[in-house]
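In: Just a sequence and a predicted model for now, questions to come.
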Amino acid sequence: MHFIQKEIQLRPYARGFHLITSEVLEHFPDLSAITTGQLQVFIKHTSASLTINENADPTVRMDFESHFNQMIPENATYYKHTYEGPDDMPAHIKASVLGSSIQIPITNGKPNLGTWQGIYLCEHRDYGGSRRLVLTAWGI
Amino acid sequence: MHFIQKEIQLRPYARGFHLITSEVLEHFPDLSAITTGQLQVFIKHTSASLTINENADPTVRMDFESHFNQMIPENATYYKHTYEGPDDMPAHIKASVLGSSIQIPITNGKPNLGTWQGIYLCEHRDYGGSRRLVLTAWGI
Amino acid sequence: MHFIQKEIQLRPYARGFHLITSEVLEHFPDLSAITTGQLQVFIKHTSASLTINENADPTVRMDFESHFNQMIPENATYYKHTYEGPDDMPAHIKASVLGSSIQIPITNGKPNLGTWQGIYLCEHRDYGGSRRLVLTAWGI
């Protein structure tokens, strides 16, 4: 039984959706020791999130940003939590809609993703800074 | 290898978003035995959900309730599943948007949450009653 | 410690929300060997997703489809990723809102779901074809 964990800090990303598959995995060569297992990536923040989606065309990530800004807008009249700026409360809601972790099966030492799947960092703040992730892998 | 599981019942909560981090963890002192692991909290219902978000300002939780009521409204003309009351169908949809479980890394016997992260019970029904959770922790 | 994994292919489903609990579990009798554990179901696609919701009334699943089509519409003026058809970009966004995996506690050899909970395949494309899932169970 393997149980491996590492906490890493990403470089700051601009507001938007970013492909971070390679950046995450290069921190975690330890995966190769696991034949059958699971990899969890957890983000220690409440205004940025993680998801799995299309890893090829950058316009997909742009459309995610456009649609989330429409579906969860800034300056809604009913927001009470406004003192951290107009991007703050929508960032919290977006983070919960997308989620604070993703989890991928490991098969023969590698994340068993579909051909078109990649890991997105979803940065919902205008200036979110460096985000911390906890990577945990377990298996046999 | 540790693998610990416990089923608990929460007290009833009003419709809305509620911080339950302490209530959950006090049921599960067993976590302290795990150096490196994972904690899953699973809700056995389809009209309430769990998420991780900001643990400090109560207006964040109020704004979640306001926004979810806007994004997934009652009495939409296209709802067919209406016989359990106007709050029922939106509750199901909200539950799937937020999710039925959260999962947190365990590091040195404690949930490795960010400073501002807490566990929310999201009660989407007007009278949802007592909700059942399954807590599972595993690790070394 | 048990760690079991299997990759399966579902039959093609029409666009919409479909109950697949039985279809998934009949592929995985291995669960019965696990007293305390977890089952993850992961979908290897970015335009279909998985969620847990009401397992009884088919109108719930119809209302999910209606509401998601409203909340994440086709032909939004801001979509740039349009060359794979009007159902493609909304499918990616819906997939991330609902998520690419679900995870259920295992108790005494069975998924410990609530009475009304079932596993949904959420097919967001008009012609999504056969979808691949990775089933992973672990525990003691």
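Out: It's in. Numbering: from 1, shown residues only, chains lettered A, B, ... in the order given.

In: count of neighbours near A:L10?
Out: A:L10: 20 surrounding residues under other CB atoms under 10 Å in any protein chain shown. For every residue, glycine as well, the C-beta is placed using N, CA and C.

In: Not counting its neighbours along the chain, what's nearest the residue of chain A found nearest chain B?
Out: As assessed by CB to the nearest CB, chain B sits closest to A:K44 within chain A, at 3.2 Å. Distances taken as CB to CB, 6 or more residues apart in numbering or on different chains place B:G114 nearest to A:K44, at 3.2 Å, with adjacent residues excluded.

In: Next, give phi and psi for the residue lying closest to A:N75 once chain neighbours are set aside.
Out: Nearest non-adjacent residue to A:N75, counting by CB to CB, 6+ apart: A:P86, 5.3 Å away. Main-chain torsions, A:P86, degrees, to the nearest 10: phi -70, psi -20.

In: and A:P86, how far is that from B:A56?
Out: 19 Å (CB to CB, to the nearest Å).

In: neighbour count winner among those two?
Out: When A:P86 and B:A56 are compared for neighbours, A:P86 comes out ahead with 14 against 11, by other CB under 10 Å.

In: Report the central residue of chain A.
Out: A:L50 (2.0 Å; CA atoms, centre = their mean).

In: Can you tell me the SS state at A:L121?
Out: The three-state assignment at A:L121 reads strand, by DSSP: H, G, I helix; E, B strand; the rest coil.

In: shouldn't it be in contact with A:Y13?
Out: Yes - counting by CB atoms under 8 Å, A:L121 does reach A:Y13; the two are 5.8 Å apart.

In: And these two? Which one has more around it.
Out: With neighbours defined as other CB under 10 Å, A:L121 and A:Y13 compare such that A:L121 has more, 22 against 19.

In: Helices along chain A, start to end?
Out: A:21-26, A:58-71, A:88-98 (DSSP state H).

In: Tabulate these (a markdown table), appending distance to C:W138 and mean pLDDT.
Out: Below are these laid out as a markdown table (distance: least, CB to CB, whole Å; pLDDT from 0 to 100):
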| stretch | distance to C:W138 | mean pLDDT |
| --- | --- | --- |
| helix A:21-26 | 21 | 96 |
| helix A:58-71 | 32 | 98 |
| helix A:88-98 | 25 | 98 |
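
In: Need those in JSON lines (columns: mean neighbour count).
Out: Output for these, formatted as JSON lines (neighbours: other CB atoms under 10 Å in any protein chain shown):
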{"stretch": "helix A:21-26", "mean neighbour count": "15"}
{"stretch": "helix A:58-71", "mean neighbour count": "19"}
{"stretch": "helix A:88-98", "mean neighbour count": "25"}
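
In: Show me where chain A has its strands.
Out: Counting by DSSP state E, chain A has strands at residues A:2-9, A:16-19, A:36-43, A:48-54, A:101-107, A:110-111, A:117-123, A:132-139.
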